[in-house]
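Enquirer: Could you look at this predicted model? Sequence included:
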Amino acid sequence: MSHDLFERVGEYLAGGGFVMPPLVVAAGLLWYAIGYRLLALRPGVLSRARRDGEALAEARVPHLRARLDVAFTPFEDEVAKFAVPLQAIVVVAPLAGLLGTVAGMIETFDSLGDMALYTGGGGGIAAGISQALLTTQMGLAVAIPGLLVGRLLKRRQRRLEDGLEQLKDELVGRAALGAGEAVAA
């Protein structure tokens, strides 16, 4: 059974023509980026940032806000990692599918010009239409899940970034309040 499955997948990929290998690579990169972002966008980012920020606040460093901005940069970079490549793949995959569609339609029209409904070598009208549809399907199969999951992850990223900003404000406010109490005493 698995041998048949591999054969069918191979035929599917070969039927899509030259556009299919880049689309398969794009699908792999997309799911890698999604997996990484799922791991990076866990709530633990805020607790680690809180621990580091509280250590700075307790040390009573001068210019606390600027120091927190610098200290939180790795956390901000972590939650933003792979956001742009994920978005780029979502945009490019349907375009690559469209390129395959155009190539398939060109093959179809060439076959019509030659009056070749089907040739034994895999060409002909049927092969051109098949290529056009397979690449369109693959481009959409890569882009649609990436678009949906990417939007969810982008929302989670924004919430974490907002949480980091609120944490900075909280720590600076607490430090200012503590400094005011020390001056009053």
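Expert: Arrived safely, thanks for sending. Numbers count the residues shown, from 1 in each chain.

Enquirer: CA only for contacts and neighbour counts going forward, please
Expert: OK.

Enquirer: and Gly44, how many neighbours does it have?
Expert: 12 (other Cα atoms under 10 Å).

Enquirer: if I pick the spatially most central residue of the chain, what's in contact with it?
Expert: Most central in the chain under Cα atoms, centre = their mean is Leu86, positioned 2.2 Å from the mean C-alpha point. Residues in contact with Leu86 (Cα atoms under 8 Å, 6 or more residues apart in numbering) are 30, 33-34, 146, 150.

Enquirer: Find the least confident helix or strand in the chain, judged by mean pLDDT.
Expert: helix 2-15 (a mean of 85; mean pLDDT, DSSP states H and E).

Enquirer: residues touching Leu56, list them.
Expert: Contacts of Leu56 (Cα under 8 Å, 6+ apart): 64, 67-68.

Enquirer: ok, and Gly35, which helix or strand is that part of?
Expert: Per DSSP states H and E, Gly35 falls inside helix 20-40.

Enquirer: Mind listing what's buried along that helix?
Expert: Buried residues in helix 20-40, defined by neighbour count with 16 or more other Cα atoms under 10 Å: 20, 23-24, 26-27, 29-31, 33-34, 36-38, 40.

Enquirer: do the same with stretch 165-176
Expert: Quick answer for stretch 165-176 (16+ other Cα under 10 Å): 165, 167-168, 171-172, 175.

Enquirer: In helices, which of the residues you listed appear?
Expert: Under the assignment DSSP state H, the buried residues of stretch 165-176 contribute 165, 167-168, 171-172, 175 to helices.

Enquirer: from those residues, which two are the most distant?
Expert: Largest separation among those by Cα to Cα: Glu165 and Ala175, giving 15.4 Å.

Enquirer: Torsion angles phi and psi at His63?
Expert: phi 50, psi 60 (degrees, to the nearest 10).

Enquirer: From Arg174, how far off is it?
Expert: Per Cα to Cα, to the nearest Å, His63 is found 14 Å from Arg174.
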